[in-house]
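Novice: kindly return the folded structure for what I paste below:
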Amino acid sequence: MQQVGLIGSPERAEIERLCVRLEERGAEGVVFDSRRDPAIRLRPDGEELMGRDLRTFSAFYVADLGLLPAGVRASDGSTDREQSVRALRASQRHLASWTALFHRLARRAKVANPPRAWDLHGEKPFESATLVRLGILAPATCATTDPQALVALAARPNALATAPDAPAAAPNELGGWIRKGLVGGYGYTREFAPPADVAAARAELAGSAALVQERIVGVNVRAYVIGGRYLGAAEVHASEGAEIDSRKQTSRLRRVEAPASARTDAETLARHWGMEFAAVDFMRDERSGAWSVLECNSSPFFVEFERFTGIDVSSALADHLTSRARGTRRA
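Specialist: The predicted structure is shown next:
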């Protein structure tokens, strides 16, 4: 029986769903609870994870590596610096071990997705700059620790307003700016008004860095790519129309057909970042209809997406994971 390693919490709905889909295909989904010590061992003749020999495994799905958060809170709500440093060092050791393991496994097995694909969660400015280099439409982005740069945003023209085919509109009709977390998945997106002076900008930065992005007024759309091919997409609607971050108050998803250009962009990004499985987030401008890429996610949730849209992500992913392993030849 073909064996597929599923790495993450066994309580995660995506892990449970994949186990069922793999069983339907005559394969065994073996769950490795990433909340435990991975106890990774690399030998000349193979690899071991949590005491299990991996030589018989043909594919792996990585849902969660179980890395500890870097910021540990004390009982009074403040950051416990000593515990935070310990957590960070433990995570770094585990990440190094996971990376070495998947580097070895990828020589002979499918890995969706190795840790190197997860780096984007903490490299949002780099991801935004890469979109521009690839020629993919994306909102203008400013990542800075410079208070002057935040003040200057007030006079910066909106990228959509200066596009050749942009419809005529007053600047305040184009959405303005939003502020996002530098690390994906932490905190919510909120409206951002460029500060009037340097003192206000310093207060906004609070000794840290800010990621500010052009706001696109429209609908958030998530598209899935598996094995390099576009699978399907759906609009993500917040329960309140004025809510900027659709994750905060998601009420429904509606299946849509993405245009050919958006499908190509999604496939291009998944291939560029080396993701066997990815969810690409777009914003569809309500005025121009243009699809702008926000980010590419390496470990997206999909059970609720399936329930709302009927797009069978888990079956497509199970098909991909159980296909012929790399390095084998047909009889």
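
Novice: wait, is Leu137 part of a helix?
Specialist: No: Leu137 is assigned coil when assessed by DSSP: H, G, I helix; E, B strand; the rest coil, not a helix.

Novice: check contacts around it.
Specialist: Contact analysis of Leu137 by CB atoms under 8 Å, 6 or more residues apart in numbering lists Leu131, Asp265, Ala290, Trp291, Ser292, Val293. Every C-beta, even on glycine, is put in place using the N, C-alpha and C of the backbone.

Novice: out of the residues you listed, which is nearest to His237?
Specialist: Trp291 (16.4 Å; CB to CB).

Novice: ok, which pair from the contacts of Leu137 is furthest apart?
Specialist: Largest pairwise distance in those, by CB to CB, is 13.7 Å, between Leu131 and Ala290.

Novice: helices along the chain, start to end?
Specialist: Ranges of helices within the chain are 13-24, 81-105, 124-133, 147-152, 159-162, 198-205, 260-272, 303-309, 313-321, based on DSSP state H.

Novice: among those helices, show the one with the smallest mean pLDDT.
Specialist: For these, mean pLDDT drops lowest on helix 159-162, to a mean of 46.

Novice: run the chain-centre distance for stretch 260-273.
Specialist: 14 Å (CA atoms, centre = their mean, to the nearest Å).

Novice: bridged to the closest residue to Leu231 other than its chain neighbours, which residues?
Specialist: Nearest residue to Leu231, sequence neighbours excluded (CB to CB, 6 or more residues apart in numbering): Tyr224, at 4.4 Å. In this structure, Tyr224 bridges to Gly232, Ala279 when assessed by DSSP bridges.

Novice: check contacts around Tyr224.
Specialist: 230-233, 277-280, 300, 302, 305, 311, 313, 316.

Novice: ok, and the most crowded of these?
Specialist: Val280 (30 neighbours; other CB atoms under 10 Å).

Novice: so Cys19 touches Val4, yeah?
Specialist: No: if you go by CB atoms under 8 Å, Cys19 and Val4 don't touch, sitting 9.2 Å apart.

Novice: out of the two, which sits in the busier spot?
Specialist: Val4 (24 against 20).

Novice: who does Val293 bridge with?
Specialist: Phe282.

Novice: for it, give me its contacts.
Specialist: The contact partners of Val293, by CB under 8 Å, 6+ apart, come to Leu131, Ile136, Leu137, Ala138, Asp265, Leu269, Val280, Asp281, Phe282.

Novice: can I get those residues in JSON lines including distance to Leu65?
Specialist: Formatted as JSON lines, the contacts of Val293 follow (distance: CB to CB, whole Å):
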{"residue": "Leu131", "distance to Leu65": "25"}
{"residue": "Ile136", "distance to Leu65": "28"}
{"residue": "Leu137", "distance to Leu65": "32"}
{"residue": "Ala138", "distance to Leu65": "27"}
{"residue": "Asp265", "distance to Leu65": "27"}
{"residue": "Leu269", "distance to Leu65": "22"}
{"residue": "Val280", "distance to Leu65": "21"}
{"residue": "Asp281", "distance to Leu65": "21"}
{"residue": "Phe282", "distance to Leu65": "27"}
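
Novice: what about those residues, which one has the most neighbours?
Specialist: Val280 (30 neighbours).

Novice: now do the same contact list for the closest residue to that one other than its chain neighbours.
Specialist: Leaving aside its sequence neighbours, Val280 sits nearest to Ala266 (CB to CB, 6+ apart; 4.2 Å). By CB under 8 Å, 6+ apart, the contact list for Ala266 reads Ala223, Val225, Tyr230, Ala258, Ala278, Val280.
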